[in-house]
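K.L.:
Sequence below, structure please.
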Amino acid sequence: METGRCPVDCWADFGDLLSGRVVHSGTEVLLTTGTSDLLVFSGQEKRVKASPLTTFGTILQFDSPVTSLALSDDKSLLYALSQNTGLYCTALSQESSSPSSSAQKCDDSVSTVSRDSIVIEDGKILSFILVEGILATVSLHESFWSIDLYDISDCSTGATVYHRHGGIKLPQNTAGTRTGSVPVLASVYPRKDSSAKGRSCQGCYLLEPLLFRLLFGVDASLVHTPIILCGLPDGRLFFFPLRGEQKPRIRMLHSLEQPVTFIGTSVTGEQGPQCLVVIGQMGRILLIKANPASSDGKPAECDFIEQTVRGPVVCACVDGERLFYSTSTNLLALPLSKTAASALSSSSSLSSLTEAAGERQSIRQERPAVLSQSAVCLSVSRVIALAEPSITQTGCVQLLALSLSGRLLHVTVPQESNRDSMSRITTTKVGQTVKDLLAGIGNVWERATSVKLQLQLKNNILKRLNQVIHICRQFMTYQKNSQEGKDCKPPISCHGVTKWSTLLQKDTLVLTCTLENLSACALDQGWTLCIEVQSLCSLTAECISKTYSFSLKKLDCGQKTAVSLPLENRDEVLLPVKIQCFLVCSLQAFLIPEECRNDLDSDVPVFKFLENRSSISLALNTLTVDWLDCLRIGEPALHGEIPKQNSVWEATRIFLSSRWHHLEEQPIPKVNHYVVTIQVSLDLLKVKLGFHDSSSAALCSSVLNWLLFGTFEAEGQKLVERAVVCAYGLDRQLVRLLTKEVILSDVKSEGSLSVMEVQVESSSMAAVCGLHHAVLRRVQALLKDVSVKCAIPGQLKGQHLCETVRRAESLYKDLQNSRSSAAFGGVGKTRTSELLFHLYLQLRENPLVIL
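P.N.:
Purely as a prediction, here's the structure:
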């Protein structure tokens, strides 16, 4: 591929763009930058300014982004296609402007185009073309393409609504269609004057009569009707006559098997436009050329030549014998006359159409050749839009190009004969050459900066993803070692402690969870600590559960962070409460942060794959908060004295309400306080606490400290030094916990058994029940601990076991009788409550020994 230098003049810089269109009209340039603004640029003064072309200022504002625009034949009307809105038509000449114009002037340079200028209100229109007073539009529906025709011959102003007088429907073919591609429309006329070489208006081209007749038929050639060519995003190329048929019949001309980017004509000889050019988005070029009838009687035919250039082709235009097209990097010029001649001489045409008995036959030959080596690079990069080229008096071709960086460039391409002199720079052109070189360096620097930024963002994403995988790997190793019974620390742990806090003269139970990072990676943005609080005991049938989320900013290795949350729900605390801690990593926000999504250049964004599984959850610790964790330990006024309760029936009602039986308040006999005892083997506790040769008093205080502070690792917690402690419970009632060593002589057949008796006393039935359950839960966890191994006690006394069984059977029988009497209505509610309350007290008086 050859490389040449052309004079390039930067007329304006509008900033980075995503899309754009350029239309050249005399000394004025109309362009869109992918927004709702349409700019009017003066080519003489090289700036956006008020000009004689428009009376509305330099900027026209629409309701939505403008995707396509065109001028009428007399340059008096502007047609603009607005996304999801429809087609606008507004006057541009001095004569068409009036105070009642559809464009409302906001200031000296900005004008808002009113919705009264909408002539076709259809948000599904993708392309349009204006040909001889007829407007053709292409729109996409659910399963078909619709080509609609509107007659505008009687509409000289833009403030009216066009009516549809015909249409064609085509089935949609999703194969080969690329997202974001739009249909391409063009019109072709038969050239009447053999000396004419040119176009009548934008998107309208001339074609020699022979090729016109061979392609589109004799009827269309005789009536000189324009032919509308439509290239769809699936690669199919259709045509239909604009006039001459009562109902237009559409036919398929060819299929490029890739989205169509450009349709036009080119001069490949000395007799005017003799070649129809169609370019695909991926670089495939179709050249259709006519071969006249030979002297040996061979009829005239047309050759379909398919060639390939390096794509993708973003935009293109044709002037004379050269095709100008832009890839995502460079602007190139391809000589079509040499291309067609070399293709025909080497018999590389793909298909030929012969007309016999009204039918055409297609013959495909060999694969197309690659033409990238024949193209000439013009050293202009990142062009996304090209206007119709113009020819100067000296024969040079002038191009107006809009780059992706927002620059409006004026490119001058010398004649083919002067190409050898392009590299020879005279002293008068040294300044211009340096300017062109600096512009090229700037373009390369912009591309290099964009690539560097994308690589940096992708490296950061890979680094974060590597940290996530490493943390997950550490958790899997820790879980495997825990299942095998190995002593190891988790890479990330969460511990909790409860405390009472006074806020607005109200006591609130607060849980403080401390997250500690012991892994080798930091926890930064994207990680969230989730704490689920679930009540295990509710007075209602529904389960009460809440989840609190705390986003982490940055937690380095070895650091800790603490969060606090209340344990109350609807002004009450229902204990016990199960606390589950999770560490959640959001991949959608972690892999592609919000500030990086616009900078990543990818056809398929990564977050599209994370719709169903968008996060990773790592389970941390599971905690349980009960009555022992919520005691407010202090020295009461009368140490060791349990005050009497005013209403014993209130405690009974609370006890029965936990079983969902609601009773009316009735007076029952009162007692001073309630006492519950739990007896645990002393040998079991010695193994757990590690006190083998300690005194009885030290062992009792150690057991009490284990019950009170063994669940949480509270820093700075003041331990209990005696075997008895008084504190306030959850219901603000005074409770007392007492531990003492007791010798039982009627349990073992030989000798006595030393047990540790834990006694709970309170005038509140709710406090006694809650503390009793909390003590049993700790003992149960001790029995499940595989690391605690205790010697098997001696043979138990059979008589003691029989008495224990008989007592349990008797209490069970009394319980069944009470439930049966209550079910059949034999006993009143008050009597039933007394019996159940009495059975509950008996169950707590003589407990079984936990060995």
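
K.L.:
Next up, identify which helix or strand Trp445 is on.
P.N.:
Using DSSP states H and E, Trp445 sits within helix 430-483.

K.L.:
starting at the chain centroid, how far to that helix?
P.N.:
Mean C-alpha position of helix 430-483 versus that of the full chain (Cα atoms, centre = their mean, to the nearest Å) differs by 20 Å.

K.L.:
after that helix, next one along is what?
P.N.:
Downstream of helix 430-483, the first helix or strand assigned by DSSP H and E is strand 492-502.

K.L.:
Just the residues contacting that next one, thanks.
P.N.:
Applying Cβ atoms under 8 Å, 6 or more residues apart in numbering, the contact partners of strand 492-502 are 471, 475, 507-519, 523, 529, 567, 579, 581, 583, 618, 620-621, 623, 625, 629-630, 632, 712-714. Using the backbone N, CA and C atoms, a C-beta is placed for each residue, glycine as well.

K.L.:
buried sites along stretch 314-330?
P.N.:
For stretch 314-330, the neighbour count (16 or more other Cβ atoms under 10 Å) marks 314-327, 330 as buried.

K.L.:
Among the residues you listed, which one sits closest to Thr32?
P.N.:
Using Cβ to Cβ, the shortest approach to Thr32 within these belongs to Cys315, at 13.4 Å.

K.L.:
ok, the closest one touching Ala385?
P.N.:
Yes. With contact defined as Cβ atoms under 8 Å, Cys315 counts as touching Ala385 (5.5 Å).

K.L.:
Double-check that Leu287 belongs to a strand.
P.N.:
Yes. Residue state for Leu287 (DSSP: H, G, I helix; E, B strand; the rest coil) corresponds to a strand.

K.L.:
Leaving out the residues flanking it, which one is nearest to it?
P.N.:
The shortest distance from Leu287 to any non-neighbouring residue, by Cβ to Cβ, 6 or more residues apart in numbering, is to Ile305 (4.2 Å).

K.L.:
Next, count neighbours for the one you found.
P.N.:
Using other Cβ atoms under 10 Å, Ile305 has 23 other residues around it.

K.L.:
if we can go back for a sec, now which of the contacts of strand 492-502 would you call buried?
P.N.:
Buried members of the contacts of strand 492-502, counted by 16+ other Cβ under 10 Å: 471, 475, 509, 511-517, 519, 523, 529, 567, 579, 581, 583, 618, 620, 623, 625, 629-630, 712, 714.

K.L.:
Okay, and which of those map to helices?
P.N.:
The members of these that map onto helices under DSSP state H are Ile471, Phe475.

K.L.:
okay, and for the stretch 651-800 of the chain, where does confidence drop off?
P.N.:
Applying pLDDT under 70 to the stretch 651-800 of the chain picks out residues 651-672, 691-694, 711-718, 748-751, 786-800.

K.L.:
all helices for the chain, in order.
P.N.:
So, for the chain - with DSSP H - the helices run 209-216, 218-222, 336-345, 430-483, 587-591, 648-657, 682-689, 696-709, 765-784, 798-824, 829-845.

K.L.:
hey, least reliable of these by pLDDT?
P.N.:
Of all those, the minimum mean pLDDT falls on helix 648-657 (a mean of 55).

K.L.:
My read is that Leu232 contacts Phe238, right?
P.N.:
Yes. Contact between Leu232 and Phe238 holds when scored by Cβ under 8 Å: they sit 7.3 Å apart.

K.L.:
Spell out which residues are contacts of both of those two.
P.N.:
Taking Cβ under 8 Å, 6+ apart as the contact definition, Leu232 and Phe238 share the neighbouring residues Leu170.

K.L.:
More neighbours: which of those two?
P.N.:
Just comparing Leu232 and Phe238: by other Cβ under 10 Å the higher neighbour count belongs to Leu232, 25 against 20.

K.L.:
for the more buried one, what are its contacts?
P.N.:
Leu232 touches Trp145, Leu170, Asn173, Pro183, Phe238, Pro259, Val260, counting by Cβ under 8 Å, 6+ apart.

K.L.:
most surrounded residue in those residues?
P.N.:
Val260 (29 neighbours).

K.L.:
Any regions of the stretch 201-350 of the chain where pLDDT drops low?
P.N.:
In the stretch 201-350 of the chain, residues with pLDDT under 70: 201, 268-273, 338-350.

K.L.:
and Val805, how many residues sit next to it?
P.N.:
10.

K.L.:
State the distance from the residue nearest to Tyr162 when sequence neighbours are not counted to Leu135.
P.N.:
Sequence neighbours aside, Tyr150 is the residue nearest to Tyr162 in space, at 4.1 Å (criterion: Cβ to Cβ, 6+ apart). According to Cβ to Cβ, to the nearest Å, Tyr150 stands 4 Å off from Leu135.

K.L.:
Now do the contacts for Lys463.
P.N.:
Applying Cβ under 8 Å, 6+ apart, no residues qualify as near Lys463.

K.L.:
how near is it to His254?
P.N.:
Taking Cβ to Cβ, one finds Lys463 at 50 Å from His254.

K.L.:
How about Cys488?
P.N.:
According to Cβ to Cβ, Cys488 and His254 sit 70 Å apart.

K.L.:
Give me the more crowded residue out of those two.
P.N.:
Shown here are Cys488 and His254; by other Cβ under 10 Å, His254 has more neighbours (22 against 11).

K.L.:
That one touches Leu237, doesn't it?
P.N.:
Yes. Counting by Cβ under 8 Å, Leu237 is a contact partner of His254 at 4.7 Å.

K.L.:
what do these two both touch?
P.N.:
Contact criterion Cβ under 8 Å, 6+ apart; residues shared by His254 and Leu237: Val278, Leu286.

K.L.:
about what we covered before: want to throw the helices of the chain into TSV with distance to Val742?
P.N.:
Output for these, formatted as TSV (distance: least, Cβ to Cβ, whole Å):
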stretch	distance to Val742
helix 209-216	112
helix 218-222	115
helix 336-345	108
helix 430-483	37
helix 587-591	59
helix 648-657	27
helix 682-689	9
helix 696-709	11
helix 765-784	16
helix 798-824	15
helix 829-845	14
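
K.L.:
Tell me which of the ones you listed sits nearest to Leu39.
P.N.:
When the helices of the chain are compared by Cβ to Cβ, helix 430-483 sits nearest Leu39, at 21.6 Å.

K.L.:
what inclination does that closest one have with respect to strand 492-502?
P.N.:
Counting by axes from the mean of the first three to the mean of the last three Cα atoms, to 10 degrees, helix 430-483 points 80 degrees away from the direction of strand 492-502.

K.L.:
Fine by me, thanks again.
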